[in-house]
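**Student:** Predicted structure and sequence below. I'll ask about it afterward.
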Amino acid sequence: METLRHIVLFVHLLGFATLFGAWAVQAFGGKKQMTSLMNTGLAIAGVAGLALAAPWGLPEGVSMNYAKIGTKLVILLIIGALLGIGTARQKRGQAVPPAVFWLVGVLTAVNAGIAAIW
């Protein structure tokens with residue numbers, strides 16, 4: 001069971017890498033717009049993160065940090081809302097506001113930092 005948990009963790013990290021990588025490509029060489037790859041990375045990271053939040057496959061004596069899980073979930077929902085706002089504006093032919101675009105990258109990095117440091 002612990003091996004399965006590690007596989008889900010790996011998929012979760014791939015989702016984060018996809019989201020942050022797609023954002024970085026747009027930030028440092030693209031048109032600074034939202035892409036479907038960002039949405040895909042967010043969905044993968046979110047689903048795998050929710051699977052990791054379930055208390056299964058943990059070694060004996062290890063407890064869940066529900067405050068950390070809740071914080072990361074709120075940040076994930078904010079990132080999803082920002083991606084939705086940016087995508088909707090693009091579909092209407094408008095530019096993505098710079099604050100919305102940059103917040104996606106910053107919040108994604110903050111979410112990874114919370115995972116590693118907390």
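**Tutor:** Received, thanks.

**Student:** Would you pull up how far the one helix or strand Leu13 maps to lies from the middle of the chain?
**Tutor:** Per DSSP states H and E: Leu13 is located in helix 2-29. On the basis of C-alpha atoms, centre = their mean, to the nearest Å, helix 2-29 sits 8 Å off its chain's mean C-alpha point.

**Student:** same for the following helix or strand past that helix, what does it pack against?
**Tutor:** As assigned by DSSP H and E, the chain's next helix or strand after helix 2-29 is helix 36-53. For helix 36-53, the elements it packs on are helix 2-29, helix 66-91, judged by 3 or more C-beta pairs under 8 Å, 6 or more residues apart in numbering; DSSP states H and E. (Glycine included, C-beta is placed from N, CA and C.)

**Student:** repeat that with 10 Å
**Tutor:** With contacts taken as 3 or more C-beta pairs under 10 Å, 6 or more residues apart in numbering; DSSP states H and E, helix 36-53 sits against helix 2-29, helix 66-91, helix 98-117.

**Student:** Let's have those helices in a markdown table, adding mean pLDDT, distance to Leu42 and mean neighbour count.
**Tutor:** Shown next, in a markdown table, are these (pLDDT from 0 to 100; distance: least, C-beta to C-beta, whole Å; neighbours: other C-beta atoms under 10 Å):
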| stretch | mean pLDDT | distance to Leu42 | mean neighbour count |
| --- | --- | --- | --- |
| helix 2-29 | 95 | 5 | 16 |
| helix 66-91 | 97 | 6 | 15 |
| helix 98-117 | 96 | 9 | 15 |
